[in-house]
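**Q** Fold the following, please.
(chains A and B)
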Amino acid sequence: MVDFELVAFPPSDHPEPGDRAPDFTRPLVTDEYWEDRTLSGLAAESGGVCLLFYPLNWGGKSRYWWSEITERSWPVEEPAVVGVGISQPFDHRRFADFLDLSYPLYSDPRNDVARAYDIVHDLDGMEGIEEPRPAVFVVDEELLVEYAWVAEEWPQSPPFDEVEAAME
Amino acid sequence: MSEDDTPADDPELTLYRLHGCPYCERVVRRLDRYGLSARSRFVAGGHSTRNAVARVAGTRSVPVLVDHDRGVTMPESGRIVEYLDRIYGEGA
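**A** Residues are numbered from 1 along each chain as shown, chains lettered A, B, ... in the order given. Next up is the predicted model:
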């Protein structure tokens, strides 16, 4: 841990356990193609979803998180672990290839999904670019939130053990 | 993930396509003309990575149209357009 103060995020009105998570449609990038997928359809089909909002592709955080998740063998169903990031689909594909990732990634360049979840992170020093605030939501087949974690400081990594317990 | 031949949500048509591929756009225009909606599946990269297309169509070239109701899987934009004209066109 660092011994100086990190940047605190403002309070967020994000979905909490017991709430219905906002549904959305975005291209979901898998290892073979991408296609528009609703979160609700994915959740119904996969027995729930663990939605990970993560920082810019290729940055240290995104590489470390996904490597950690791969190492921990987080599930691809019941619930399906799925990322949300702002890269366009070709970049998601390249990023996933680079990491040999088995998890699909939603492509949300306008960051509107993060906006719907009230977890926008306007990047300091990068005019016109925002990304999601680090966050994890575990939802059931009907998008009912079972677990929510949203970063309160930047940069903060997800509590991997806690998320893992919530998925069991 | 959904199976390749069973769309998860609604459409009866699936179009395997490539971003910026004129042959694919030709098919899209024809679908539009007949008011047909298709699920778009975008492939990326070289032919060697297009396993999903190879599995459903036996070819790695796009476009490929899958008409789920009629059990038809068809490559090549010229053939696809003819097919759409025949099945969904004004004279159909």
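**Q** Name all residues that make contact with A:Leu123.
**A** Counting by Cβ atoms under 8 Å, 6 or more residues apart in numbering or on different chains, A:Leu123 makes contact with A:Ile129, A:Glu130, A:Glu131. C-beta here means a position set from N, CA and C on the backbone, and glycine is covered the same way.
**Q** By neighbours, which of those wins?
**A** Neighbour tally across those (other Cβ atoms under 10 Å in any protein chain shown): the maximum, 25 neighbours, falls on A:Glu131.
**Q** In space, what's closest to B:His68 - neighbours in sequence excluded?
**A** Nearest residue to B:His68, sequence neighbours excluded (Cβ to Cβ, 6 or more residues apart in numbering or on different chains): B:Glu12, at 5.1 Å.
**Q** What is the neighbour count of the one you found?
**A** 14.
**Q** hmm, back to that, so which of the contacts of A:Leu123 are also by chain B?
**A** When the contacts of A:Leu123 are checked against chain B using Cβ under 8 Å from any Cβ of the partner chain, none falls in range.
**Q** Now, the residues you listed that are in strands?
**A** A:Glu130, A:Glu131 (DSSP state E).
**Q** Serialize the contacts of A:Leu123 to a markdown table and add fields for pLDDT.
**A** Formatted as a markdown table, the contacts of A:Leu123 follow (pLDDT from 0 to 100):
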| residue | pLDDT |
| --- | --- |
| A:Ile129 | 97 |
| A:Glu130 | 98 |
| A:Glu131 | 98 |
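**Q** give the contact list for the closest residue to B:His19 other than its chain neighbours.
**A** Using Cβ to Cβ, 6+ apart and skipping residues adjacent in sequence, the residue nearest B:His19 is B:Phe42, 5.9 Å away. With contact taken as Cβ under 8 Å, 6+ apart, B:Phe42 is in contact with A:Pro27, A:Tyr33, A:Trp34, A:Glu35, A:Pro89, B:Arg17, B:Leu18, B:His19.
**Q** how many neighbours does the nearest residue to A:Glu152 once chain neighbours are set aside have?
**A** In space, A:Glu152 comes closest to A:Phe9 once its chain neighbours are excluded; the distance is 5.7 Å by Cβ to Cβ, 6+ apart. For A:Phe9, the count of nearby residues is 17 (other Cβ under 10 Å).
**Q** which SS class is B:Val56?
**A** At B:Val56 the chain is in helix, as set by DSSP: H, G, I helix; E, B strand; the rest coil.
**Q** What is the neighbour count of it?
**A** Neighbours of B:Val56 (other Cβ under 10 Å): 18.
**Q** Check the contact between it and B:Tyr16; I expect there is one.
**A** Yes - if you go by Cβ atoms under 8 Å, B:Val56 and B:Tyr16 touch, sitting 7.4 Å apart.
**Q** Please enumerate the shared neighbours of those two.
**A** With Cβ under 8 Å, 6+ apart as the test, B:Val56 and B:Tyr16 both reach B:Val64, B:Val66.
**Q** Next one: B:Met1, what pLDDT does it get?
**A** B:Met1 carries a pLDDT score of 40 in this model.
**Q** same deal with B:Thr49?
**A** 74.
**Q** pLDDT weak spots in chain A?
**A** A:1-2 (pLDDT under 70).
**Q** Spell out which residues of it are next to chain B.
**A** A:27, A:30, A:32-38, A:41-42, A:45-46, A:89-90, A:93, A:104.
**Q** do that again at 7 Å, thanks
**A** Proximity of chain A to chain B, by Cβ under 7 Å from any Cβ of the partner chain, involves residues A:Thr30, A:Glu32, A:Tyr33, A:Trp34, A:Glu35, A:Thr38, A:Gly41, A:Glu45, A:Pro89, A:Phe90, A:Arg93.
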